[in-house]
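1. Could you look at this predicted model? Sequence included:
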Amino acid sequence: MVSRRSDAPSQSGCGLLQADNVTYEYGAHVSGRTQGSPLRVDGGDRAGTDQSSARAGVHGVSLSVAEGDLVGIIGPNGSGKTTLLRLLAGLLRPSSGRVMLGGRDLHSFSRRELARRVAVVPQETRLAFDFTVQEIVLMGRFPHLGPFEMEGRDDVAIAREALRSTGTLDLADRPFATLSGGEKQRVIIAGALAQAAAVMLLDEPTAALDPGYQLEITALLRRLNAERRVTMVVATHDLNRAAALCTDLVLMRAGRVLGGGPTRDALTRENIRRLYDVEADVAFSERAGHVTVVPIRRV
């Protein structure tokens, strides 16, 4: 369910992961961390993209993501998608408002406690050393280890099960740097699974992948969400991938939420025009099993 009023109540206490009237202004401060539809969103005052919203990475955003949801955040470049994702991950601290996980303020968790609960899959992964695939996935077990503790037999078993679940077990001994883009993304997702977190936050998980790998990663994430009930929030600019992957969408522009709800209801010609200033053909594809979007022209 989508709130369309600036004074609508937030869903405090109703979701696993919540943002309550969250604003983040660039330059205000830096985070102290390094590490129907059940969806309801509220973007505050949507009178326009005024100067105050232009200064804010996100402005007055409230949303609630229930356990097991698969939610997409869509919008044009610079709309605040990645900033909101980083706020939900605890990597940024809100200028105002708060982010809650299981009814508890996100910033009350230690880094290790939070990493046991929230896994982040970044858009791009760069490594200083040439680790093997299994070593990369075992890094997901770090939050569960004590100081100076090495991975044990159980950790290796969990890592190998994550590799098996993502179809990468046969790559376990390969250097990560030798993998293709799609293989690397599956390995990073395996590392997030090994982390055993209830929430997975993904930033552009199919960006820079060819169509075959895009379909593969989309099917993998849907299967993991269905079989393991991993709650997922995905930031993406690819409307057709969002339609194929997500059950619900949050629509963002200039740091504000313009609306949201079930994917098929949210991806309309009117909403695409409001988000991107683009005319598009939108239709349900029986063969694809989801809405498809074809941009036609700028308006």
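-> Sure thing, it's come through. Because the structure is predicted, anything quoted here is derived from the model rather than measured.
2. In this structure residue 88 contacts residue 99, no?
-> Yes - between residue 88 and residue 99 there is a contact under Cβ atoms under 8 Å: 6.0 Å. Quick note: C-beta positions are derived from backbone N, CA and C, even for glycine.
3. And these two? Which one has more around it.
-> Just comparing residue 88 and residue 99: by other Cβ atoms under 10 Å the higher neighbour count belongs to residue 88, 25 against 22.
4. check contacts around that one.
-> 17, 19, 99, 106, 118, 201, 233 (Cβ atoms under 8 Å, 6 or more residues apart in numbering).
5. State the number of residues packed around residue 299.
-> When neighbours are counted by other Cβ under 10 Å, residue 299 registers 8.
6. Could you list which residues are in contact with it?
-> Taking Cβ under 8 Å, 6+ apart, one finds 273, 277, 278, 279 in contact with residue 299.
7. how about the strands in the stretch 101-250 of the chain?
-> 104-105, 118-121, 199-203, 231-235, 248-253 (DSSP state E, counting those that start in this stretch).
8. would you turn those into a markdown table with distance to residue 297 and mean pLDDT?
-> Formatted as a markdown table, the strands of the stretch 101-250 of the chain follow (distance: least, Cβ to Cβ, whole Å; pLDDT from 0 to 100):
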| stretch | distance to residue 297 | mean pLDDT |
| --- | --- | --- |
| strand 104-105 | 46 | 96 |
| strand 118-121 | 34 | 97 |
| strand 199-203 | 29 | 98 |
| strand 231-235 | 26 | 98 |
| strand 248-253 | 19 | 98 |
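9. Give the residues shared as contacts by residue 88 and residue 99.
-> 17, 19, 106.
10. which residues of the chain score low on pLDDT?
-> Scanning the chain for pLDDT under 70 picks out 1-14, 27-56.
11. one more time with 50
-> Scanning the chain with the threshold set as pLDDT under 50 gives 1-13, 29-40, 44-54.
12. chain center to stretch 219-239: distance?
-> With Cα atoms, centre = their mean, to the nearest Å as the basis, stretch 219-239 stands 9 Å off its chain's centre.
13. Who are the contact partners of the residue nearest to residue 290 when sequence neighbours are not counted?
-> Spatial nearest neighbour of residue 290, excluding adjacent residues (Cβ to Cβ, 6 or more residues apart in numbering): residue 243 at 4.4 Å. By Cβ under 8 Å, 6+ apart, residue 243 lies in contact with 263, 264, 267, 290, 291, 292, 293.
14. how does it look with 6 Å?
-> Contact analysis of residue 243 by Cβ atoms under 6 Å, 6 or more residues apart in numbering lists 263, 267, 290, 291.
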